[in-house]
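Peer 1: Got a predicted structure here, sequence first:
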Amino acid sequence: MTWFSTLWASTIGKKIVMAVTGLILFGFVLGHMTGNLLVWAGPEAFNDYAAMLKGNPFLLWGTRLTLLAATPIHIVSAIQLVKLNAAARPQGYKKLGSSSSTFASKTMKYGGLWLLGFLVFHLLHYTVHIVEPAYSTAAYMLADQHNAYAMVLDGFGNQVLSGVYIFSMVFLCLHIDHGAWSLLQTLGFSHPKYNAMRRNAARAFAALLFIGFCSVPVGVLANLVPAVTP
Ligand code: HEM
């Protein structure tokens with residue numbers, strides 16, 4: 001692992017580690033959002049999709065372990081880069097620098113923290129079922145598979161909970177907006193000619209994720225997705 005230690009030792013190395021782990025997390029959220037859209041296709045499609053993921057240990061545990069490694073590495077590199085930037089910043093620089101920052105870039109620290117809290121809650125809610133233990137009972141079982149669709153309908157039927165998810169997706173959207181822009185810069189896509197394109201691409205990804213993720217709670221609350229009770 002000497003190559004990793006060498007990479008980690010430099011600021012640019014930490015930026016690369018942050019960009020690569022960010023890309024992994026981005027790939028996951030994009031895939032997760034796309035899979036969630038199957039709610040719109042009804043219970044059979046969504047439950048079959050959930051069963052396919054759970055029934056494929058290589059895919060399930062490969063994804064879980066990758067996320068389990070990428071998330072803390074992404075956070076630690078972010079903390080270290082913030083510290084390094086603060087140490088390197090001369091007195092009075094902050095005011096000048098902040099004029100070029102966007103609302104999305106200003107929310108990275110607290111928005112990222114909120115997202116971490118959201119993720120813990122989300123896992124306790126829909127994966128471990130601690131928030132709603134009924135999801136692990138026979139009431140949420142079909143003959144041969146978990147009724148994940150009924151679980152989604154029940155969860156997002158609660159307006160407060162849906163509100164928390166939608167609020168969290170605002171932070172996800174802001175995080176992706178600045179993160180994708182910054183990631184593309186670190187990976188070398190930085191040129192005055194293409195900067196506007198890079199900004200628009202980051203905005204488009206963020207908007208796509210926001211609309212796709214929020215369509216589930218909004219669709220459930222507005223009774224737009226097919227209704228089925230367990
Ligand atoms: C409104 C937005 C979201 C909805 C509707 C949603 C829905 C779900 C559902 C239904 C499950 C459980 C699937 C099952 O057990 O069959 C799940 C699991 C999960 N979600 Fe989300 N999710 C949302 C946002 C997010 C975001 C933003 C992240 C990441 C930051 C995320 C990360 C995860 C993870 C890591 C799992 C666990 C997968 C596993 O079992 O290993 N979700 N989500």
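Peer 2: Alright, I've got the coordinates. Numbering: from 1, shown residues only.

Peer 1: For stretch 146-161, give the distance from the opening residue to the closing one.
Peer 2: Distance between the two ends of stretch 146-161: 22 Å, counting by C-alpha to C-alpha, to the nearest Å.

Peer 1: contact partners of that stretch?
Peer 2: 39, 42-43, 46-47, 50-51, 54, 125-126, 132, 135, 140-141, 162, 165, 216-217, 220-221, 225, 227-230 (C-beta atoms under 8 Å, 6 or more residues apart in numbering). For the C-beta atoms, the positions are set from N, CA and C on the backbone; glycine is no exception.

Peer 1: Those, buried ones only, as a PyMOL selection?
Peer 2: One line in PyMOL is enough to select the buried ones among the contacts of stretch 146-161; burial here means 16 or more other C-beta atoms under 10 Å:
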select buried, resi 39+43+46+47+50+125+132+135+140+162+165+216+217+220+221+225+230
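
Peer 1: can you narrow the contacts of stretch 146-161 to ones near the ligand?
Peer 2: Contacts with the ligand within the contacts of stretch 146-161, counted by C-beta under 6 Å from any ligand atom: 50, 126, 165, 216, 217.

Peer 1: Helices - which of these land there?
Peer 2: The helices, defined by DSSP state H, take in 50, 165, 216, 217 from those.

Peer 1: Tally up the residues packed near residue 150, please.
Peer 2: 20 (other C-beta atoms under 10 Å).

Peer 1: do you know how far it is from residue 228?
Peer 2: Distance, residue 150 to residue 228, by C-beta to C-beta, to the nearest Å: 6 Å.

Peer 1: The residue nearest to the spatial centre of the chain: helix or strand, and which one exactly?
Peer 2: Nearest to the geometric centre of the chain sits residue 29, at 4.7 Å (C-alpha atoms, centre = their mean). Using DSSP states H and E, the element containing residue 29 is helix 11-36.

Peer 1: and stretch 195-208, average pLDDT?
Peer 2: Stretch 195-208 shows a mean pLDDT of 94.

Peer 1: quick revisit: need the overlap of contacts for residue 150 and residue 228.
Peer 2: Common neighbours of residue 150 and residue 228 (C-beta under 8 Å, 6+ apart) are residue 43.

Peer 1: The ligand contacts on this structure?
Peer 2: Neighbours of the ligand within the chain, by C-beta under 6 Å from any ligand atom: 29, 32, 36, 50, 64, 67, 115, 119, 122-123, 126-127, 148, 152, 165, 169, 172, 213, 216-217.

Peer 1: repeat that with 8 Å
Peer 2: With C-beta under 8 Å from any ligand atom as the criterion, the chain meets the ligand at residues 25, 28-29, 32-33, 36, 39, 50, 53-54, 60, 63-64, 67, 115, 118-119, 122-123, 126-127, 146, 148, 151-152, 155-156, 165-166, 168-169, 172, 209, 213-214, 216-217.

Peer 1: Next SSE downstream of the least confident helix or strand in the chain by mean pLDDT?
Peer 2: The helix or strand of the chain with the lowest confidence, counting by mean pLDDT, DSSP states H and E, is helix 93-98 at a mean of 47. Of the helices and strands lying after helix 93-98 in sequence (DSSP H and E), the nearest is helix 103-106.

Peer 1: Buried residues in that next one, which are they?
Peer 2: For helix 103-106, by 16+ other C-beta under 10 Å, it's 104, 105.
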